[in-house]
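> From the sequence below, what's the structure:
(2 chains)
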2 protein chains.
Amino acid sequence: MPRVNVEKKVLNENERIAAELRSRYDAERVLCLNLISSPGSGKTALLEQTLSRLPAEARVAVLTGDVETDNDAARLRQFGFPVKQITTGGTCHLDARMVERALEGWDLADLDLLLVENVGNLVCPTSFDLGEADKIVVASVTEGDDKPSKYPSIFLRSSLVILNKLDLLPHTNFDVEQFRENAERVHPDVPIVGLSCTTGHGMDRWMRWLEERRREVFPASVESGATGD
Amino acid sequence: MPRVNVEKKVLNENERIAAELRSRYDAERVLCLNLISSPGSGKTALLEQTLSRLPAEARVAVLTGDVETDNDAARLRQFGFPVKQITTGGTCHLDARMVERALEGWDLADLDLLLVENVGNLVCPTSFDLGEADKIVVASVTEGDDKPSKYPSIFLRSSLVILNKLDLLPHTNFDVEQFRENAERVHPDVPIVGLSCTTGHGMDRWMRWLEERRREVFPASVESGATGD
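I've put the predicted structure just below:
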């Protein structure tokens, strides 16, 4: 079965680079998050809302992946934080090598938070570790409440589920409780943050999650210890 | 570059089986359509609406693909037409071999129309020929009007673009003219049918396209000739 072996080799190479990236993030205390969703679930809108809420001195950067175009980078650059587009030219996911190359020229010591927006695809990006601390799946109410059952892998591997476009809920037959049940069947107790990038509803909870998650991954005591050296 | 060679081999094998399927469809005058979209764009809803509008004697069958679950087949079976679920178990697209296997036990001579609902994914299914006469891309207004620019390959290869969820248009910032421009930049003069599976708006035009397309692919004169033998 040559295909399996070659795929394994490609994945092993990806894992090697992802492990290197993870070490670099850990060394510089950068929380790296890998946002995964269907096309058009609102990852870029979420990033716009997120960047607009951060103070100008926030140490945050964004890598945004797409098969084609640099539309998303153009949308995100207006907030003044470093943003780079990764255009995969046909490839259906980001891999660790693409992230490694995109980081060239950036000093991770300048960052607390690195947000990676993956290619719009609920399947393939799931298998490619980018060295992130967490995968976050972004679903939206217009996609249907059965998505966790149909695409279990990404819901299982995500530390957080974002349920976007809540403002459209009254116009759909989406059942939030059914979605929660479906998500929890795949990933018991996974936190779900419902929000709307249009109205801003739920954004506070997401911004709080970001803060708390960084403290959880890089506890303050270690930071104090480091500065006390 | 062993990976490229192995991928080529897999695609060549797929092309061989797809060509066989295409011959079988042509021999039996079955119009096979391959529906491709993001997760949650409404392919299954479109099929429900389509099947509900067909007379009981219509010679139609559906193959519906998903990474997991047979939810869609269950939804579609209630209309009384033959439906089979293809569960890929992790694979991000249907391939010709999966379709070939799913067709076992069906006599193509009983069919005029075979609707194949691909796995929800705008990237990978594009590369796998299933022997269909046409690929049809289903987009929805909640996904944003930039999708043709970001996922050009599927818009280029589709004979028809369906723009779904028009009922939600007033609640979004989707620009229909911009979408049309983006689609036509990738695929000049591609027909676009706007519709809503919730209100039924546009369904007539889609049903008419189906009828006309079958007559175009399998002209009636040939049919008369065959029965006149």
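
> Return the helix or strand in chain A with minimum mean pLDDT.
Within chain A, confidence by mean pLDDT, DSSP states H and E is lowest for helix A:220-227 among all helices and strands, at a mean of 53.

> which bits of chain A sit near chain B?
A:2-3, A:6, A:9-10, A:38-40, A:66-69, A:71, A:90, A:92, A:119-124, A:140, A:142-144, A:146-147, A:149-153, A:165, A:167-168, A:171-172 (CB under 8 Å from any CB of the partner chain). For the C-beta atoms, the positions are set from N, CA and C on the backbone; glycine is no exception.

> From those residues, keep the buried residues only.
Buried members of these, counted by 16 or more other CB atoms under 10 Å in any protein chain shown: A:6, A:38-40, A:66-69, A:71, A:92, A:119-124, A:140, A:142-144, A:146-147, A:149-153, A:165, A:167-168, A:171-172.

> Tell me the pLDDT of A:Val10.
Predicted confidence (pLDDT) for A:Val10: 73.

> helix or strand for it, which one?
helix A:2-28 (DSSP states H and E).

> Which strands and helices lie in contact with the very next helix or strand once past that helix?
Following helix A:2-28 in sequence order, the next helix or strand is strand A:31-37 (DSSP H and E). With contacts defined as 3 or more CB pairs under 8 Å, 6 or more residues apart in numbering or on different chains; DSSP states H and E, strand A:31-37 has these neighbours: helix A:2-28, helix A:43-53, strand A:113-117, strand A:134-140, helix A:203-217.

> Can I get those in a markdown table including distance to B:Asp129?
Conversion of the helices and strands packed on strand A:31-37 to a markdown table gives the following (distance: least, CB to CB, whole Å):
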| stretch | distance to B:Asp129 |
| --- | --- |
| helix A:2-28 | 18 |
| helix A:43-53 | 30 |
| strand A:113-117 | 31 |
| strand A:134-140 | 30 |
| helix A:203-217 | 42 |
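
> In chain A, where is pLDDT below threshold?
A:1-7, A:221-229 (pLDDT under 70).

> Give me the contacts around the helix or strand containing A:Thr64.
Using DSSP H and E, A:Thr64 maps to strand A:60-66. For strand A:60-66, the surrounding residues in contact (CB atoms under 8 Å, 6 or more residues apart in numbering or on different chains) are A:44, A:47, A:51, A:54, A:72-73, A:76, A:81-88, A:93-94, A:98-99, A:102-103, A:106, A:111-120, B:150.

> Of those residues, which count as buried by neighbour count?
Here, 16+ other CB under 10 Å leaves A:44, A:47, A:51, A:54, A:72-73, A:76, A:81-88, A:93-94, A:98-99, A:102-103, A:111-120, B:150 buried among the contacts of strand A:60-66.

> give the contact list for A:Leu35.
A:43, A:46-47, A:115-118, A:136, A:138.

> repeat that with 7 Å
A:43, A:115-118, A:136, A:138 (CB atoms under 7 Å, 6 or more residues apart in numbering or on different chains).

> ok, now A:Lys84?
With CB under 7 Å, 6+ apart, A:Lys84 has these contacts: A:63, A:73, A:102.

> Determine how far the strand holding A:Thr64 lies from the middle of the whole chain.
9 Å (CA atoms, centre = their mean, to the nearest Å).

> Moving C-terminal from that strand, which element do we reach first?
According to DSSP H and E, the helix or strand after strand A:60-66 is helix A:71-77.

> so what does that following helix touch, helix or strand wise?
If contacts are counted by 3 or more CB pairs under 7 Å, 6 or more residues apart in numbering or on different chains; DSSP states H and E, helix A:71-77 sits against helix A:43-53, strand A:60-66, strand A:83-87.

> now those in TSV, with distance to A:Ala220?
Below are those laid out as TSV (distance: least, CB to CB, whole Å):
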stretch	distance to A:Ala220
helix A:43-53	22
strand A:60-66	18
strand A:83-87	28
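
> for these, which one sits closest to A:Arg205?
Proximity to A:Arg205, assessed across those by CB to CB, is greatest for helix A:43-53 (12.0 Å).
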